[in-house]
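Novice: Predicted model and sequence follow; I will ask about them next.
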Amino acid sequence: MSNNPLNAYKIIEKTTISGRETEARVLNKAAQKLKNCQNNWKTDSRGYPDSITGIKLDEALNFNQRLWSIFQAELSKQENPLPVNLKQNLLRLSTFIDKRIFELIAYPVKDKLTIIIKINQNIAAGLNNSAQDLTAQLPEPTIMTARAAL
């Protein structure tokens with residue numbers, strides 16, 4: 001049994017969170033990183049992001065790029081169970097996001113973050129809804145299931 005309640009919670013969380021919920025959380029985290037940059041955007045005397053904003057922006061863009069690269073790799077797999085049309089649309093969307101990220105790296109503009117933020121949030125919302133639909137079909141986890149994870 002774990003002595004640290006936080007570790008116990010993390011173990012339970014890992015055993016009860018679906019893949020879709022995980023993807024939704026990561027997309028929301030990516031959106032939040034970009035939103036934090038946007039909300040705290042400061043510029044230097046030339047109008048470019050100041051050093052702190054630049055560092056945070058690079059971190060947020062890198063996180064988003066890695067996330068969408070993982071999605072691209074998963075969507076490209078032959079054994080991916082999603083319908084072909086949905087995979088193609090998501091891959092097209094990921095190409096748009098790649099272009100926007102590269103554009104922001106070269107020419108950082110605060111307002112150009114909005115579209116990536118909204119895309120991440122909307123896809124996360126859709127994933128959460130479908131995960132809830134799936135969860136409604138499953139039996140509730142019991143205390144014994146939670147204890148087994150400890």
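Specialist: It's in. What you see is a predicted model, and the numbers here were worked out from it, not measured in a lab. Numbering: from 1, shown residues only.
Novice: going forward, measure contacts and count neighbours with C-alpha atoms only.
Specialist: Noted.
Novice: from what I can see residue 124 touches residue 29, true?
Specialist: No. Using C-alpha atoms under 8 Å, residue 124 is not in contact with residue 29, being 9.8 Å away.
Novice: tally of neighbours for residue 121?
Specialist: Applying the criterion other C-alpha atoms under 10 Å, we find 20 residues in the vicinity of residue 121.
Novice: Secondary structure element for the spatially closest residue to it that is not a sequence neighbour, which one?
Specialist: Nearest residue to residue 121 in three dimensions, chain neighbours excluded: residue 28, at 5.8 Å (C-alpha to C-alpha, 6 or more residues apart in numbering). Following DSSP states H and E, one finds residue 28 within helix 19-39.
Novice: Show me where the protein dips below the pLDDT cut-off.
Specialist: Judged against pLDDT under 70, the low-scoring parts of the chain cover residues 1-18, 130-150.
Novice: center of it, which residue is that?
Specialist: With distances taken as C-alpha atoms, centre = their mean, the chain has residue 27 as the residue nearest its mean C-alpha position (1.6 Å).
Novice: Report the contact partners of that one.
Specialist: Under the criterion of C-alpha atoms under 8 Å, 6 or more residues apart in numbering, the neighbours of residue 27 are 67, 120-121, 123-124.
Novice: mind running it again at 10 Å?
Specialist: Contacts of residue 27 were listed using C-alpha atoms under 10 Å, 6 or more residues apart in numbering, and they are 21, 33, 63-64, 67-68, 117, 119-125, 127.
Novice: most surrounded residue in these?
Specialist: When neighbours are taken as other C-alpha under 10 Å, the top entry among the contacts of residue 27 is residue 64 (25 neighbours).
Novice: can you tell me which helix in the protein is longest?
Specialist: In the chain, taking DSSP state H as the definition, the longest helix is helix 51-76.
Novice: just how off-centre is that one within its chain?
Specialist: The offset between the C-alpha centroid of helix 51-76 and the centroid of the whole chain comes to 9 Å, using C-alpha atoms, centre = their mean, to the nearest Å.
Novice: Then stretch 101-120?
Specialist: Centroid separation between stretch 101-120 and its chain, computed with C-alpha atoms, centre = their mean, is 15 Å.
Novice: mind checking the end-to-end distance for that stretch?
Specialist: Between the opening and closing residues of stretch 101-120 we find a distance of 13 Å, counting by C-alpha to C-alpha, to the nearest Å.
Novice: With adjacent residues omitted, what lies nearest to residue 48?
Specialist: Distances taken as C-alpha to C-alpha, 6+ apart place residue 108 nearest to residue 48, at 7.4 Å, with adjacent residues excluded.
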